[in-house]
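*Asks:* Please find the sequence and the predicted model below.
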Amino acid sequence: MKDFMVATDLSERSDRALRRAIALARAHGGRCHLVHIVDEGLPDETARSYRAAAMAQLERIVQAEAGDTELRARVVSGDPLVEIPRMARELEADLVVLGLHRPRAFLDRLRETTMERLVQLMRRPVLLVHDRADHPYRKILVPVSFSPACATALTAARALAPQAEIAAFHAVHLPFSGLTGEGPGGPMDRELTHEAEAARAVWCEGQGLAAELCAVTPVSGSLGETVDAQIARENPDLIALGVHTRSGMAPYALGSFAARLVRNPPTDLLLAHP
């Protein structure tokens, strides 16, 4: 990865994303594009004033932080849902870095968040920054469903943090365990785990993954249960997730699990489409 783009609203909430993007560009010997979007609905005179103030603030950051890292500032007017994906394409960004969604308790129950829609529209890896950028990524947790998106997430995670330890796992769900009395280690669990291991081999070969990235451990339990357990066990500072965009009448276009993490990530979150 060489080209990083961070979209910032210049608030304290997005400061961590800004710092992480600059740190990543510095670590990779690349460049970082600092982008701010001014609301297209503002009156012309107000918009000009906002653009000038935003560019001045970004230029101060560039002067203070650049050192030997190439930083570029851009301020444009428009709709963030249109302009951020467009800028990412124009700049050929390898990674788009964003701050966290600003919670709106009532509206968030009724509709997708802006962050969810941005992730859907993006066709390149997106990093949502939750934590302070005071250390490189050391441990990456990757839930794997043996899909092309999961392969992309693993590849992006390794490119983003070449020295980090990757803990990849596949949730082996035991159907109707309450009725059958089946549990981890039982006959059904062993059979489903065997099937998961066979699927892993086919997936790895089909996706052309390096052997290191094929080390996916089957873990018994539902996806939500296993993710929570693995977070507690591994204490990751980054979670990488393959995004499976849905359509039609699905309540969450990203899927309920991905939407849950986007809305309330426990740590930094890397999302990748197939």
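*Replies:* Looks like it arrived, so ask away.
*Asks:* can you give me the strands in the stretch 1-150 of the chain?
*Replies:* Taking DSSP state E, counting those that start in this stretch as the test, the strands found in the stretch 1-150 of the chain are 3-7, 31-39, 70-78, 95-98, 126-128, 139-143.
*Asks:* now those in CSV, with mean pLDDT, mean neighbour count and distance to residue 56?
*Replies:* All C-beta atoms are positioned from the backbone trio N, CA, C, and that covers glycine. Listed next are those as CSV, based on pLDDT from 0 to 100; neighbours: other Cβ atoms under 10 Å; distance: least, Cβ to Cβ, whole Å:
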stretch, mean pLDDT, mean neighbour count, distance to residue 56
strand 3-7, 95, 25, 18
strand 31-39, 93, 21, 11
strand 70-78, 93, 17, 10
strand 95-98, 95, 28, 22
strand 126-128, 95, 24, 26
strand 139-143, 96, 22, 37
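*Asks:* Turn these into a markdown table, columns for distance to residue 244.
*Replies:* A markdown table is the format used below for the strands of the stretch 1-150 of the chain (distance: least, Cβ to Cβ, whole Å):
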| stretch | distance to residue 244 |
| --- | --- |
| strand 3-7 | 23 |
| strand 31-39 | 27 |
| strand 70-78 | 28 |
| strand 95-98 | 19 |
| strand 126-128 | 14 |
| strand 139-143 | 12 |
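*Asks:* what sits opposite the residue nearest to residue 215 when sequence neighbours are not counted in the beta ladder?
*Replies:* Spatially, and ignoring its direct neighbours in sequence, residue 215 is nearest to residue 168 (6.4 Å; Cβ to Cβ, 6 or more residues apart in numbering). Taking DSSP bridges as the rule, residue 168 bridges to residue 142, residue 216.
*Asks:* end to end, how far does stretch 7-17 reach?
*Replies:* Stretch 7-17 has an end-to-end distance of 8 Å (Cα to Cα, to the nearest Å).
*Asks:* returning to what we had before: identify whichever of the strands of the stretch 1-150 of the chain lies nearest to residue 240.
*Replies:* With Cβ to Cβ, the closest approach to residue 240 among the strands of the stretch 1-150 of the chain belongs to strand 139-143: 4.6 Å.
*Asks:* by contact count, what packs against the closest one?
*Replies:* In this structure, strand 139-143 makes packing contacts with helix 148-160, strand 165-172, helix 223-234, strand 238-242, judged by 3 or more Cβ pairs under 8 Å, 6 or more residues apart in numbering; DSSP states H and E.
*Asks:* Need the residues that contact the longest one.
*Replies:* This points to helix 148-160. 1, 24, 94-95, 125, 127, 137, 140, 142-144, 164, 166, 168, 203, 207, 209-210, 212-213, 238, 240-244, 270-274 (Cβ atoms under 8 Å, 6 or more residues apart in numbering).
*Asks:* Buried only: go through the residues you listed for me.
*Replies:* 1, 24, 94-95, 125, 127, 137, 140, 142-144, 164, 166, 168, 203, 207, 209, 213, 238, 240-244, 270-273 (16 or more other Cβ atoms under 10 Å).
*Asks:* Including distance to residue 258 and mean pLDDT, could the helices and strands packed on strand 139-143 go into TSV?
*Replies:* Shown next, in TSV, are those (distance: least, Cβ to Cβ, whole Å; pLDDT from 0 to 100):
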stretch	distance to residue 258	mean pLDDT
helix 148-160	10	95
strand 165-172	14	93
helix 223-234	10	90
strand 238-242	6	94
